[in-house]
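Enquirer: got a sequence here, can you model it:
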Amino acid sequence: MPVSRSPEEQAVSKLPPYIKRRKGTKNLYAYFTYPPHVRDMFDGKKFREISLGTSDPREAEIIALPHIREHKQTLYMYNLVKRIAPYKKVGGGDEEEYMRAAVVELLRNGVRKDFLHMPGMKDNNDGTRTFATETEVFTIGADGKVAETKPNDWTVKVPVSVLTKDEAESAVATERRAVRLGVKEPGDTDWDVIESYIEAEGKSEAWRREAEQVYSDWQSLVGKRFTDADTPDGRKLWNSYIEKGLKSKTADKKLNFLSAPINAEMRRKNKRVSFNPFSRAGRELGDALRKRPFMDRELAIIDANLHRLGPNERLLYLFARHTGCRRSEAWQVEETREKGLRVIWFGSKNKQSVRRIPLPDALVPFVPPVIDGPLFTDSPINVGKNFNRAIRRFGITNEAITLHSFRHRAKDRLRAEGCREELSLEIFGHERITVARSYGLGYPMTVLKPWVEKMGQYDAETL
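Expert: Alright, predicted model coming up:
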């Protein structure tokens, strides 16, 4: 028969592991362990015991709360500093000395989270409302429905005294730029160039923030005006991103926040910049993450969670899966008819990469009877990001699997089914396929239809 236990013994067994009972007594105590770098803060001890002065488990848990909070705060500060300056020597001292001093500084002054959207409800000028939590931001349309969901970004404000020399200089440069943006200095046209581009192109607030960060990196690392800089200066900024662990394509995208405004400025009659130091600053390292096609088991996971996708994300998923289209192509769809079949065109008809395929049966319930306008209510970038975040929540965590993986899968499916290369090129598009070929020399839609239907199907052998 099971041994019966008193209510107190049962309560002790349910307490968190940092509350223990001394052997031979009923007294309870809190027990904490510390990593090596913070032990000097507690006289070099590996652990710390605090008597709670009671044998009542419930009372002990309440008494221990301030000590538990202090313990967790200390470890949080320690881990924060470790992320800020891993394995760095500062001011001639060793890493352990710096880590201890930094943790003490953080415990004294604390840290502060700055949210991109402060938690709560806010009315927007366009009639929508924004509801933010500490983790997500919901845009609520005039109809009361959630139109968009995205993560709520935040930054940690750290006292400058615990930053490394480079990080402190970067923080000062950022502050200096912010002051200069408020009070313009004569002849300082660099940010004006970027600002003009943002206004002319209608760039989003998120794009502006990213541009500000890259511009700050440029100022702190190089500090030259655009008119005085050359390609080696631009490459210095590019190399700094590579050293931080970014992929070459990601580093290229960051530099484009400066390169694109300069290119636009150089096309102006009264241009303020005559050379772009970022246009050829990067180079191909062959470090891009190779995308992996979706497997049937992953398609099954998405299908099981289809109800959790928003209308835009659900439609993009179906288009990518059943047509193998690129993300941007789903926003360029036009419709015609051929021999009773609905035919969709991808791309503009005056571009070399234009192509057309029969509308897959799986898409018919999700598109209008006649496609004569936009199918999506948000941008390709936002919908694509939302979809990739969604499949991560569903449990598909392999970073090599993204929206573009559907295109790889569709090609693999047709190859496995024995589709000839010229048919595959007709379906997926190729730069060598001209508009003239699409208008008269391509395959009939009745020939392409059976192959198009195979692209989004499950592999029967794996089911």
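
Enquirer: any idea how far the residue nearest to Arg413 when sequence neighbours are not counted lies from Ile301?
Expert: Once flanking residues are discounted, Arg413 sits nearest to Met455: 5.3 Å by CB to CB, 6 or more residues apart in numbering. To be clear about C-beta, it is placed using only N, CA and C from the backbone, and glycine gets the same treatment. Distance, Met455 to Ile301, by CB to CB, to the nearest Å: 19 Å.

Enquirer: repeat for Phe387
Expert: In terms of CB to CB, Phe387 sits 13 Å off from Ile301.

Enquirer: which one of the two is surrounded by more residues?
Expert: The neighbour count for Phe387 versus Ile301, taken as other CB atoms under 10 Å, is higher for Phe387 (22 against 15).

Enquirer: now the helix or strand hosting that one: how far from the chain's centre is it?
Expert: Assigned by DSSP states H and E, Phe387 falls within helix 380-393. Averaging C-alpha positions (CA atoms, centre = their mean, to the nearest Å) puts helix 380-393 9 Å from its chain's average.

Enquirer: before we move on, what about stretch 310-320?
Expert: 19 Å.

Enquirer: mind saving the C-alpha coords of the helix holding Phe387 as PDB?
Expert: Extracted in PDB, the C-alpha atoms of helix 380-393 (Å, rounded to 0.1, in the frame of the first residue of the first chain):
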ATOM      1  CA  PRO A 380       4.600  40.800 -49.700                       C
ATOM      2  CA  ILE A 381       7.200  41.400 -47.100                       C
ATOM      3  CA  ASN A 382       4.800  41.600 -44.200                       C
ATOM      4  CA  VAL A 383       2.700  38.600 -45.300                       C
ATOM      5  CA  GLY A 384       5.800  36.600 -46.000                       C
ATOM      6  CA  LYS A 385       7.300  37.300 -42.600                       C
ATOM      7  CA  ASN A 386       4.000  36.600 -40.800                       C
ATOM      8  CA  PHE A 387       3.900  33.200 -42.600                       C
ATOM      9  CA  ASN A 388       7.400  32.300 -41.700                       C
ATOM     10  CA  ARG A 389       6.800  33.200 -38.000                       C
ATOM     11  CA  ALA A 390       3.600  31.200 -38.100                       C
ATOM     12  CA  ILE A 391       5.200  27.900 -39.200                       C
ATOM     13  CA  ARG A 392       7.800  28.400 -36.500                       C
ATOM     14  CA  ARG A 393       5.000  28.500 -34.000                       C
END
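
Enquirer: run through who's touching that helix.
Expert: Residues outside helix 380-393 that contact it (CB atoms under 8 Å, 6 or more residues apart in numbering) are 148-151, 298, 301-302, 305, 308-310, 312-313, 316-317, 327-328, 330-331, 376, 401-403.

Enquirer: among the residues you listed, which lie within helices?
Expert: Under the assignment DSSP state H, these contribute Glu298, Ile301, Ile302, Asn312, Glu313, Leu316, Tyr317 to helices.

Enquirer: please check the contacts of helix 380-393 and keep the buried ones.
Expert: With neighbours counted using 16 or more other CB atoms under 10 Å, the contacts of helix 380-393 contain these buried positions: 148, 150, 298, 302, 309-310, 312-313, 316-317, 327, 330-331, 376, 401-403.

Enquirer: how many other residues sit next to the residue nearest to Arg413?
Expert: Met455 is flanked by 25 other residues according to other CB under 10 Å.

Enquirer: any idea which helix or strand comes after the helix or strand of the chain with the lowest mean pLDDT?
Expert: Every helix and strand of the chain was ranked by mean pLDDT, DSSP states H and E. The lowest is helix 435-436, at a mean of 41. Using DSSP H and E, the helix or strand that follows helix 435-436 in sequence is helix 445-455.
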